[in-house]
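Visitor: coordinates only, no sequence provided:
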């Protein structure tokens with residue numbers, strides 16, 4: 001190996017070690033909140049995940065999402081997109097997921113600010129109905145909550161989350177096209193800029 005090549009390899013290794021140390025000491029900061037950071041994180045998550053079951057329709061950015069039919073807490077089936085002509089922010093969460101719980105007040109604030117023509121927020125709990133009901137009695141939210149069971153063909157996988165990471169959020173435009181994906185929780189005020197189409 002030539003001397004220049006050794007220097008480049010050492011410099012590359014030092015850059016990776018420095019980046020990793022920075023993440024450990026300072027946290028992800030703006031890196032994971034940025035669109036390039038999110039795309040990289042999603043590629044890493046997908047690389048380690050099993051392939052979706054054969055025949056399962058999976059949407060990526062720019063694709064129309066498959067029709068999703070899920071029960072609400074009242075047991076009635078809801079279809080998404082529902083043809084209401086509004087963008088959808090679909091947030092996957094569970095009652096045992098601490099980062100999910102931390103972001104719920106932010107999602108509730110955002111949902112309340114949207115009015116009848118704004119972005120509709122829908123929470124999909126990958127959890128047991130009883131646990132979700134109990135949690136929502138303690139921490140109520142104003143947006144619609146639907147239920148799904150976690151697994152290799154749950155609706156979060158159909159919307160580009162093969163690793164089943166929570167929280168996971170997608171933005172679907174009024175035409176049913178998946179526009180954005182986010183792994184991890186929203187910070188205070190972050191969702192307002194994130195939904196701008």
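Guide: Looks like it arrived, so ask away. Here the structure is a predicted model, which means the values were calculated and not measured.
Visitor: quick one: low-confidence parts of the protein?
Guide: 1-49, 197 (pLDDT under 70).
Visitor: can you rerun that using 80?
Guide: Low-confidence segments of the chain, defined by pLDDT under 80: 1-53, 83-84, 197.
Visitor: run through the helices of it in chain order.
Guide: 3-26, 30-33, 35-47, 98-113, 129-138, 155-158, 190-194 (DSSP state H).
Visitor: and stretch 62-71, how far out from the chain middle?
Guide: 15 Å (C-alpha atoms, centre = their mean, to the nearest Å).
Visitor: buried stuff in it?
Guide: In terms of neighbour count (16 or more other C-beta atoms under 10 Å), stretch 62-71 has its buried residues at 65, 68, 70. Bear in mind the C-beta positions are built from the backbone N, C-alpha and C, glycine included.
Visitor: next, count neighbours for residue 104.
Guide: 21 (other C-beta atoms under 10 Å).
Visitor: actually residue 85, sorry about that
Guide: The burial count for residue 85: 9, using other C-beta under 10 Å.
Visitor: just list the residues touching it, thanks.
Guide: With contact taken as C-beta atoms under 8 Å, 6 or more residues apart in numbering, residue 85 is in contact with residue 174.
Visitor: ok, for residue 152, nearest residue in space, not its chain neighbours?
Guide: Leaving out its chain neighbours, the residue that sits closest to residue 152 by C-beta to C-beta, 6 or more residues apart in numbering is residue 53, at 5.7 Å.
Visitor: just to check, the one you found is in contact with residue 153?
Guide: Yes: using C-beta atoms under 8 Å, residue 53 is in contact with residue 153, at 5.2 Å.
Visitor: what are the buried residues along stretch 85-104?
Guide: 86-95, 97, 100-101, 103-104.
Visitor: okay, how far is it across that stretch, tip to tip?
Guide: 24 Å (C-alpha to C-alpha, to the nearest Å).
Visitor: now swap in stretch 128-147 and tell me
Guide: End-to-end distance (C-alpha to C-alpha), stretch 128-147: 8 Å.
Visitor: list the buried residues for that stretch?
Guide: Applying a neighbour-count criterion of 16+ other C-beta under 10 Å, one finds 132, 135-136, 141, 143-147 buried in stretch 128-147.
Visitor: now stretch 186-195, how far from the centre of its chain.
Guide: 13 Å.
Visitor: on that earlier part again, now, the buried residues of stretch 62-71 that are in strands?
Guide: 68, 70 (DSSP state E).
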